[in-house]
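K.L.:
Need coordinates for the following:
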Amino acid sequence: MSADADVLPADPHPGPLVVAIIGAGPSGIYAAEALSQQTLLPVEVAVIDRLPVPFGLVRYGVAPDHHSIRSIRNTLERTLEKSGVRFYGDVTIGADLTVAELRETVDAVIYAYGAGSDKHLDIPGEDLPGSIAAPELVAWYCGHPDVHPDTHQPHPVLPESGQVARADVSAAGSAPTASAADGSAVE
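P.N.:
Predicted structure coming up:
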């Protein structure tokens, strides 16, 4: 192996490598962090998400009272504040911008988005009115703009879905009236 083996080939185009990351949850922002910290070549990163704000599950999938888990947002925010890293929210790939259009404007695309819906358990009663999966309820009371469950059922049922989820759902429903992040009342 020669001494020149570790040298990158000449850049085929002037300027930094431009990378788009689709998904502004932890995995997308960690990818942006890794790209911004490397020193082999200059890079600009565009973090794109269909939601208007970043942080994915950390923002919409973790109950507000889980401060230690939610505190990771501070780390994620520091990455988005770095020069060369920009966040573009409220952009839906496939509607606002096609993959082909995106690929024409960047050198590389990283897909770092999560599942678009919960997994159904196929248990009796799962599809009955008032049946709300814990992740959907947590996303709703954390203010996710796409989640609007029917919260006006008189008898909620909490299926076994883990201690933390049950505690979150129980806490959300235990007060006579609680308020979701969007200001709507939970009875």
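K.L.:
mind checking pLDDT for the residue nearest the centre of the chain?
P.N.:
Centroid-nearest residue in the chain: residue 56, 1.7 Å away (criterion: C-alpha atoms, centre = their mean). Residue 56 carries a pLDDT value of 86.
K.L.:
In contact with it, which residues are there?
P.N.:
Residue 56 is in contact with 23-26, 28, 49, 113-114, counting by C-beta atoms under 8 Å, 6 or more residues apart in numbering. In this view, the C-beta of every residue, glycine as well, is placed from N, C-alpha and C.
K.L.:
let's see 6 Å
P.N.:
Contact partners of residue 56, counting by C-beta atoms under 6 Å, 6 or more residues apart in numbering, are residue 25.
K.L.:
where do the helices sit along the protein?
P.N.:
26-37, 56-60, 67-70, 72-80, 99-105, 134-141, 163-174 (DSSP state H).
K.L.:
Any buried residues in the shortest one, and which?
P.N.:
Read that as helix 67-70. By 16 or more other C-beta atoms under 10 Å, the buried positions in helix 67-70 come out as residue 70.
K.L.:
Residues contacting that helix, please?
P.N.:
By C-beta under 6 Å, 6+ apart, the list of residues contacting helix 67-70 from outside reads residue 62.
K.L.:
what is the rounded mean pLDDT of it?
P.N.:
Over the span of helix 67-70, the pLDDT mean works out to 78.
K.L.:
Stretch 91-101 too?
P.N.:
95.
K.L.:
State the distance from the closest residue in space to residue 125 that isn't next to it in sequence to residue 119.
P.N.:
Distances taken as C-beta to C-beta, 6 or more residues apart in numbering place residue 131 nearest to residue 125, at 6.2 Å, with adjacent residues excluded. In this view, residue 131 and residue 119 are 14 Å apart by C-beta to C-beta, to the nearest Å.
K.L.:
ok, now residue 143?
P.N.:
Distance of residue 143 to residue 119, given as C-beta to C-beta: 23 Å.
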